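Colleague: Provided below for reference: sequence and predicted model.
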Amino acid sequence: MAKWRDTFKKWLASKTNLPADALLDLPRVTMIGQLHIYIENHKGVVHFSDDELRLALNKGQQMKVKGENFVIKTILPEELLLEGKISCVEYIDGKGS
Amino acid sequence: MKNKMFDFLAGYVRAEVKGKYPELFIDRCMKNGISIWQVRRIGDNAISCCFYAKDISKIRVLLRRTGCRLSFKQKYGIPFLIKKMHSRKGFIFGFIFSLFVIFFMSNMVWSIQIDGASPEVEHDVKQVLHNIGLKKGAFVFLLPSEQEIQQEVTESVDKLTWVGVKRLGTRYSFEVVEKKVPEEKEALNPRHLIAKKKAVVYKVFTEQGQAMVEERDYVQKGDLLISGIVGSKENEKIMPAKGSILGEVWYLSSASVPLESTVVTNTGNFMNHYYLKAGNFNIPIWGFKKNSFLKKETLTDMKPIYFLKWELPISFEKRKILEIEHKKRVLSEKEAKKLALEMTEKDVIRKVGEEAEIKGKKVLREKIDNGKVNITVHYQVIEEISTEQPIIRGD
């Protein structure tokens, strides 16, 4: 049932102009050069250090941001602004999907 | 996104969170809606972050659950500054107090200088000033304006002609011009005394010279009254005539008084309101009572406030609100007549001066017309009729 719903949503997103992040509960990532990264719709901080930030996403997926001199400028439920020198953004698939 | 100014007003702290898994702490804060910012990792098991002072108690609860420990590093913002000030109360109080002292001193009268007056007049002037309230230590903004002071002093001290009032910061300077009472000057030049208007001679007092008229004589303007030439033709002497001739002069005066009129009068009720004025704002500082006057008149007196020599953008304003009344005055014919008579008498006295004496009066005409009493009165006045005329000898 859940799988069927996901397929339907994907189809809807591709056929209409509705934004995919709202429809599919995916993160929206905005980057300003290497300086800032703004991540909406995350599910919490898993790991945070000077050079790495790992965020939980839905369905056990994780997002890994690598770089230098990381500072979390603001953190709100579902919103996060990270500052530093960002070199790499990576998705890590969880066991769930 | 975040307002630095607001953070500063609300007060926030930078703290270190130590624990096995500080990410959990960040997570919990986020989920509980506690805003934290400037999160930085500072060690294997420690992060530093900022949060509002008001959230401290909530954070303590979270810490207990996540097994982290908190140590404050720095405090920012107004609430902490205020706390700090509390510990330096004496200094702050002293500072504010000294500002107040300077402020009050700047608005005080420090010296009163009176120039150009004899000791006697100076004393009188000082006395008047004292009564107005102008003395050392008085507040400038509570005093009447310079013009009012000038008027008051000029009116109260008889011996001076003019007084100039100037305020130089905290000093009042008065420039006094004393009245020089002219001494009775001796009439050195030979002269006659002649009539200055037509009259019936009432009394003749001759001091020097030859009286040419007698009582009950009728004289025209310019008639010789006391001659300065005395003696027979061969043995004549020329001297300044001296004396006083009182004559009976007739005057006509008329007045008209309406039976019904409206007059604006002061009921005697008034209220003083004091304001501090800053730009267009009026801050009431005394006199909050609402006036219940139906009709009113407001007198405004504004005084600037000084700090040292600078005029501050605030000023002190006194408003006197007077209750006025429009009264309908209805006079009976008798009252109106009486009033009209008084008016004519005043009119005559104004014409002839205070020294003259009204010997008799007679109402010539009296008519009520268009609700007005018109009256014409004939006055017999005894007054001085002589004036000087120098004797000029051709050869």
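Modeller: Received, thanks. Numbers count the residues shown, from 1 in each chain, chains lettered A, B, ... in the order given.

Colleague: so which bits of the helix of greatest length in chain B are buried?
Modeller: Ordering each helix of chain B by length in residues (DSSP state H) puts helix B:333-352 first. Residues B:Ala336, B:Lys337, B:Ala340, B:Leu341, B:Met343, B:Thr344, B:Glu345, B:Asp347, B:Val348, B:Val352 are the ones in helix B:333-352 that count as buried (16 or more other Cβ atoms under 10 Å in any protein chain shown). Heads up, the C-betas are built off the backbone N, CA and C, glycines and all.

Colleague: show me which residues of chain B sit near chain A.
Modeller: Proximity of chain B to chain A (Cβ under 8 Å from any Cβ of the partner chain) is limited to residues B:1-2, B:22-23, B:26-27, B:29-31, B:33, B:35-41, B:47, B:49.

Colleague: make it 7 Å
Modeller: Within chain B, the positions near chain A by Cβ under 7 Å from any Cβ of the partner chain are B:1-2, B:23, B:26-27, B:30-31, B:33, B:35-41.

Colleague: which of these fall within helices?
Modeller: Members of those lying in helices (criterion: DSSP H): B:Glu23, B:Ile26, B:Asp27, B:Met30, B:Lys31.

Colleague: between the residues you listed, which has the most around it?
Modeller: Of all these, the highest neighbour tally under other Cβ atoms under 10 Å in any protein chain shown goes to B:Ile26, namely 22 neighbours.

Colleague: just give the closest residue to that one, not the sequence neighbours.
Modeller: Distance criterion Cβ to Cβ, 6 or more residues apart in numbering or on different chains; nearest residue to B:Ile26, sequence neighbours excluded, is A:Val45 at 5.0 Å.

Colleague: give me the neighbour count for that neighbour.
Modeller: 22.

Colleague: with B:Pro284 instead?
Modeller: 12.

Colleague: over to B:Met105?
Modeller: So B:Met105, with other Cβ under 10 Å, has 14 neighbours.

Colleague: just to revisit the earlier point, from the residues of chain B next to chain A, which shows the smallest pLDDT?
Modeller: Ranked by pLDDT, the residues of chain B next to chain A bottom out at B:Met1, which has 47.

Colleague: OK, contacts around the spatially most central residue of chain A?
Modeller: Taking Cα atoms, centre = their mean as the criterion, A:Pro27 is the residue nearest the geometric centre of chain A, at 3.9 Å. By Cβ atoms under 7 Å, 6 or more residues apart in numbering or on different chains, the residues touching A:Pro27 are A:Asp21, A:Ile39, A:Glu40, A:Asn41, A:His42, A:Leu57, A:Met63.

Colleague: measure stretch B:162-174 end to end?
Modeller: Terminal residues of stretch B:162-174 lie 10 Å apart, using Cα to Cα, to the nearest Å.

Colleague: ok, which residues in chain A are in contact with chain B?
Modeller: A:44-50, A:71-77.

Colleague: one more time with 6 Å, if that's ok
Modeller: Applying Cβ under 6 Å from any Cβ of the partner chain, we find that chain A lies next to chain B at A:Gly44, A:Val45, A:His47, A:Phe48, A:Ser49, A:Asp50, A:Val71, A:Ile72, A:Lys73, A:Thr74, A:Ile75, A:Pro77.

Colleague: what packs against the stretch of helix or strand the third one belongs to?
Modeller: So that's A:His47. Assigned by DSSP states H and E, A:His47 belongs to strand A:45-48. Using 3 or more Cβ pairs under 6 Å, 6 or more residues apart in numbering or on different chains; DSSP states H and E as the contact test, the elements touching strand A:45-48 are strand A:52-56, helix B:22-31.

Colleague: possible to save those as a markdown table with distance to B:Leu308?
Modeller: Listed next are these as a markdown table, based on distance: least, Cβ to Cβ, whole Å:
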| stretch | distance to B:Leu308 |
| --- | --- |
| strand A:52-56 | 58 |
| helix B:22-31 | 52 |
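
Colleague: next one: phi and psi at A:Gln61?
Modeller: When read as degrees, to the nearest 10, the backbone of A:Gln61 gives phi -70, psi 150.

Colleague: which outside residues touch the one helix or strand B:Arg329 maps to?
Modeller: Using DSSP H and E, B:Arg329 sits in strand B:310-330. With contacts defined as Cβ atoms under 6 Å, 6 or more residues apart in numbering or on different chains, strand B:310-330 is touched by B:141, B:260-267, B:269-278, B:291, B:293, B:295-305.

Colleague: which positions within that strand qualify as buried?
Modeller: Residues B:Ser315, B:Phe316, B:Glu317, B:Lys318, B:Arg319, B:Ile321, B:Leu322, B:Glu323, B:Ile324 are the ones in strand B:310-330 that count as buried (16+ other Cβ under 10 Å).

Colleague: residues touching B:Thr154, list them.
Modeller: Neighbours of B:Thr154 in contact, by Cβ under 6 Å, 6+ apart: B:Val163.

Colleague: distance check, the residue nearest to the centre of chain A against A:Asn41.
Modeller: A:Pro27 sits 5 Å away from A:Asn41, going by Cβ to Cβ, to the nearest Å.

Colleague: now do the shared contacts for these two.
Modeller: Joint contacts of A:Pro27 and A:Asn41 (Cβ under 6 Å, 6+ apart) do not exist.

Colleague: what mean pLDDT does stretch B:129-144 get?
Modeller: Averaged across stretch B:129-144, pLDDT comes to 83.

Colleague: any regions of chain A where pLDDT drops low?
Modeller: Scanning chain A with the threshold set as pLDDT under 70 gives A:1, A:95-97.

Colleague: ok so, going back, residue contacts, the residue nearest to B:Ile26?
Modeller: By Cβ under 6 Å, 6+ apart, the residues touching A:Val45 are B:Glu23, B:Ile26, B:Asp27.
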